[in-house]
Every structure is written in structure tokens, then in C-alpha cells.
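Q: Starting from these lines, generate the structure:
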Amino acid sequence: MGLVSTKAIVFSTIKYGDTSLIVKCFTLEEGIKSYLIKGVLKSKKGKLKAAYFQPLTQLHLTANHNNKGNLNSIREAHVTIPYETIPFEIKKQTIVLFLSEILSNIIQEEEKNEGLYNYIETALIWLDSHDVISNFHLLFLMNLSRYLGFYPDTSNINASAFSLIEGSFTNSSYEKLTLTNENLTLFKKLLGINFDAINTVSFNKNERQTLLRSIIQYFELHLEGFKKPKSLDVLETVFS
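A: I've put the predicted structure just below:
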């Protein structure tokens, strides 16, 4: 069993018994790790507080990693980037719950992935520090696909359709699972931009829902075992 010091982002928390939590984190040093935190729900004096393990909280952990697929343990934890707005704004909270569900579902590797970690970390800091965030989750998912290996190939971007299966633009719009016309226009608006440019694109409620469902379908086609998030309906309600 090795003692590891690492940054970590909380992906999910499950209550275990009456007083304990099982917490799944994406660590900078070793990828996904799950921890059993005994007694954290009853103890007010312990070093570990239940509040540290809210979805997508950014921590620094000193932890024992056993590397056998069993639950690990945390010796110390502290919040590295205290969010100033996310805990208090319903739209931001809803986005965080939605994205934590997706990230917990799709990222499973117990290995270091510094690029992916830095992307998630930076994106969350951006979300916390900006006010106009209605399209944040759309761009987050689109740019996340780059780190997962299936970002859209834009080399033929002026073609008349986009194949969700192939991940590229095509003139064969009669194929199944292609985006054309208005759906294609919406999809293309997100390509090649970063978060600072997100306010240059605007979508109404229906466009936002249509685009999100296209992106989720794209993920379903490219990630084996991807589950449509349960929080999708809540997200769409909050942004309607």
C-alpha cells in the first residue's frame, strides 16, 4: 500500500451504511480511485468533512492507494479551489450534477491523464467565475470529446452533413445518424471555440435542447456502455 499526494476532483459519492461514504475521484496522479471514508457523516471533529465531497469539488488528497481494485483510504484532504458561485446558483449546480454524472460514467481508467485532468480543472474554474453559462455544458462536452479521442474531424467542414457515426463531415446526408440543415448549423457553432468565446454563440431553449441531444447521441455512439444521464431532464427543465 502506497501513500500518495495528489490533486483530485470528486466525481460521485454514495452513502455507505449510516455514517460513511464511498467517494469516486479523478486523481491527477493515478486516474480514477474510489475511497471509503468511515464515519464522515457523524463526526464533526474529524479532519475529513462531508462537505469536501460534493460533486466536482477540487481537492488535494493524501491517500493510501492499494492498487488492487479495492477501496482506498484518505488520510488528509483539503479544498484547493473553493468555489465562490457554484454552490449558490441553481443553474451552475445543475450543470455540475449533470457533468459529474457523465464524467463518472465515462472515465474509468486508473492511470494518469494530465491533459484531461487539466481540462476539467480549468473548465470548472471558468464556470465558477463567469455569469453567462447557459451553453457551458454544451461546449464542455464537445471539447471533452477531444480528450476521449473522437472530436469531430473538421477537415471537410463545408460539406452538407455530419456523420455522428464517422465523426466527420460528409455530403451523404441520406445515411443514418447524420446531422443536416438546422441541426448541422447548431453543431458547427460549437466547433473550434473555447470557453471565452462561448458568449459569441447564442441558442434559444429549443436549439439548446436539440444540440445537447445530438451531442449525447454522439457520445453514445463513440463510448461503449455510455448511459444517458438521469439528470438530463432536470438540466433541460432548469434551462427552459
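
Q: Now do the longest strand belonging to the chain: everything it contacts.
A: If you go by DSSP state E, the chain has its longest strand at strand 2-16. For strand 2-16, contacts defined as CB atoms under 8 Å, 6 or more residues apart in numbering pick out 21-30, 32-33, 36, 41, 52-65, 67, 75, 80, 100-101, 103-104, 107, 117, 120-121, 124. Using the backbone N, CA and C atoms, a C-beta is placed for each residue, glycine as well.

Q: ok, now stretch 61-79?
A: 1-8, 22-23, 25, 27, 30, 33-37, 47-48, 52, 57-60, 110.

Q: again, only this time at 10 Å
A: Contact partners of stretch 61-79, identified using CB atoms under 10 Å, 6 or more residues apart in numbering, comprise 1-8, 10, 16, 22-23, 25, 27-30, 33-38, 40, 47-49, 51-54, 57-60, 80, 110.

Q: Show me which of those are buried.
A: Neighbour counting with 16 or more other CB atoms under 10 Å marks 4, 6-8, 10, 16, 22-23, 25, 27-30, 33-37, 40, 48, 52-54, 57-59 as buried within these.

Q: ok, back up a step: quick one: which of the contacts of strand 2-16 sit in strands?
A: Judged by DSSP E, strands contain the following of the contacts of strand 2-16: 21-27, 32-33, 36, 58-65, 75.

Q: what's the neighbour count on the spatially closest residue to residue 152 that is not a sequence neighbour?
A: Nearest non-adjacent residue to residue 152, counting by CB to CB, 6 or more residues apart in numbering: residue 167, 5.6 Å away. When neighbours are counted by other CB atoms under 10 Å, residue 167 registers 16.

Q: what does residue 120 give?
A: Neighbours of residue 120 under the rule other CB under 10 Å: 21.

Q: Give me the distance between the residue lying closest to it once chain neighbours are set aside and residue 107.
A: Nearest residue to residue 120 in three dimensions, chain neighbours excluded: residue 9, at 5.9 Å (CB to CB, 6+ apart). Taking CB to CB, to the nearest Å as the measure, residue 9 falls 10 Å from residue 107.

Q: Show me the common contact partners of these two, please.
A: Common neighbours of residue 9 and residue 107, counting by CB under 10 Å, 6+ apart, are 26, 117, 120.

Q: who are the neighbours in contact with the last one?
A: Right, residue 120. By CB under 10 Å, 6+ apart, the neighbours of residue 120 are 9, 11, 26, 56, 58, 99, 103, 107, 113, 140, 144, 147.

Q: Check the first one too.
A: Under the criterion of CB under 10 Å, 6+ apart, the neighbours of residue 26 are 7-11, 32-33, 56, 103-104, 107, 109, 113, 116-117, 120-121.

Q: what about this protein, any weak spots by pLDDT?
A: 1, 43, 69, 173 (pLDDT under 70).

Q: Domains in it, by residue range?
A: Segmentation of the chain into domains, based on automatic domain parsing, reads 2-79, 86-238.

Q: Please enumerate the helices of this protein.
A: 90-106, 114-129, 136-148, 181-189, 205-222, 232-238 (DSSP state H).

Q: and the angle for the second one with strand 20-27?
A: Put simply, helix 114-129 runs at 110 degrees to strand 20-27, going by axes from the mean of the first three to the mean of the last three CA atoms, to 10 degrees.
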